[in-house]
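Requesting a structural model of the entry that follows:
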Amino acid sequence: MEKKKYAAYGMLLAGTALLAVGVQNFLEPMELVAGGISGLGMILDDVSRRLGGPAVPLWLVNTALNVPLFLLAWYAQGRQFLGKTILTSLLFSVMLYIAARFPMYHGDLLTAAAYGGVLMGVGLGLVLRGGATTGGVDLAAALLHDGFFHHVSVARLVLFLDGSIILLGLVTFGPTHTLYAILAVGIMEKIMDRVAEGGSAVRAAVIVTEEGKAMAEGLSALRGRGVMSLLDMENCPEKGQNVLYCVFSQKDLSLVKSLIMNIDRKAYFLLSDMRDVLGDTEFHK
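Residues are numbered from 1 along each chain as shown. Purely as a prediction, here's the structure:
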């Protein structure tokens, strides 16, 4: 239990550091608004400079906007989750402050979007695996859902809020920068999902076959390579139509397809993605 706790906090520390570098050192100097509180901070900083005001650091905006959200959410969210989220948000502000002391990237937009997206994706993925969020837009969306928009999912509200900030970025920095900012968001989302899920791409298959016994035995023989058959072979007849269900990793997809076609070329094969497989099974070993 203690090891898992320390591992979770380690993920939060590493995640916020990578996220801060991606935002502060790659996106911010290239004016790529990828949504979120940090994106809003970039816009506020630009507006302040244009009006002859002082620079507005991202760490300050992140802290100032998150504090009222935390106060509002104190009773709306679970305290343990909120406690981790407060810690993560403060860590992120500290990491933004530190990252601002290091050199900024001033090159081409594509490179900035790619590096920024990768760093943010890995960072956010680690934060999610650590059992928290960085607050900001996610927390605001949860509050709006609980207080006003019960019929709208939190995911849709997050999309709306992030989309609104990106549109403000379009008005502030122009269409070219916005296009690359959207590219950075796409890269971030892909990598974040993989990291948050532990890096395992899991597939599930439903197989309708008249060779149930042979198919089940073949799938079971592949368990040592990440494939698991969920059919009770004791009750599986030699012939007649049967339905098999199995779970396996992405790397074994071609192997499973080959096995199915070799045993029964007329088999009906349905393939789907899965988020993860839990439990003490050989699949995880």
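
now the strands: where do they sit in the stretch 151-285 of the chain?
Along the stretch 151-285 of the chain, the stretches classed as strands by DSSP state E, counting those that start in this stretch are 202-209, 227-229, 242-249, 268-274.

can I get these in TSV with mean pLDDT, distance to L167 and mean neighbour count?
Glycine gets a C-beta too; all of them are placed from N, C-alpha and C. Output for the strands of the stretch 151-285 of the chain, formatted as TSV (pLDDT from 0 to 100; distance: least, C-beta to C-beta, whole Å; neighbours: other C-beta atoms under 10 Å):
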stretch	mean pLDDT	distance to L167	mean neighbour count
strand 202-209	81	36	18
strand 227-229	50	46	22
strand 242-249	78	40	19
strand 268-274	80	31	12
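
In a markdown table, list these along with distance to V118.
Shown next, in a markdown table, are the strands of the stretch 151-285 of the chain (distance: least, C-beta to C-beta, whole Å):
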| stretch | distance to V118 |
| --- | --- |
| strand 202-209 | 23 |
| strand 227-229 | 31 |
| strand 242-249 | 23 |
| strand 268-274 | 22 |
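
what's the closest of the ones you listed to L143?
Ranking the strands of the stretch 151-285 of the chain by proximity to L143 (C-beta to C-beta) places strand 268-274 first, at 30.9 Å.

helices and strands around that closest one, which ones?
strand 202-209, helix 253-263 (3 or more C-beta pairs under 8 Å, 6 or more residues apart in numbering; DSSP states H and E).

can you do 6 Å?
When contacts are defined as 3 or more C-beta pairs under 6 Å, 6 or more residues apart in numbering; DSSP states H and E, strand 268-274 sits against strand 202-209.

Parallel or antiparallel, list what pairs with the strand it packs on.
Strand pairing for strand 202-209, using DSSP bridges, gives strand 242-249 (antiparallel), strand 268-274 (antiparallel).

For F92, find the nearest of those.
Closest among those, using C-beta to C-beta: strand 268-274, at 30.2 Å.

quick revisit: I'd like to know which of the strands of the stretch 151-285 of the chain lies nearest to M30.
Of all these, strand 268-274 comes closest under C-beta to C-beta, at 33.4 Å.

what sits up against the closest one?
If you take C-beta atoms under 6 Å, 6 or more residues apart in numbering as the criterion, strand 268-274 is touched by 202, 204-208, 260.

before we move on, what about stretch 260-267?
Looking at what lies outside stretch 260-267 - C-beta under 6 Å, 6+ apart - the contacts are 207, 209, 211, 214-215, 218, 269.

what do you get if the cut-off is 8 Å, keeping everything else the same?
207-211, 214-215, 218, 269 (C-beta atoms under 8 Å, 6 or more residues apart in numbering).

before we move on, what about stretch 180-192?
27, 30, 32-35, 39, 109-110, 112-114, 116-118, 120-122, 124-125, 128, 162, 166, 169.

quick one: buried residues of it?
180-185, 187-188, 191-192 (16 or more other C-beta atoms under 10 Å).

and if you look at stretch 248-264?
Applying 16+ other C-beta under 10 Å to stretch 248-264 flags 248-249, 256, 259-260, 263-264 as buried.

Quick check: the farthest pair among those?
S249 and D264 (22.6 Å).

these two touch, right, I43 and V33?
Yes - using C-beta atoms under 8 Å, I43 is in contact with V33, at 6.4 Å.

shared neighbours of the two, anything?
In contact with both I43 and V33: 165, 168-169, 172, using C-beta under 8 Å, 6+ apart.

For F149, state which of those is nearest.
Comparing the shared contacts of I43 and V33 against F149 with C-beta to C-beta places I165 closest, at 17.8 Å.
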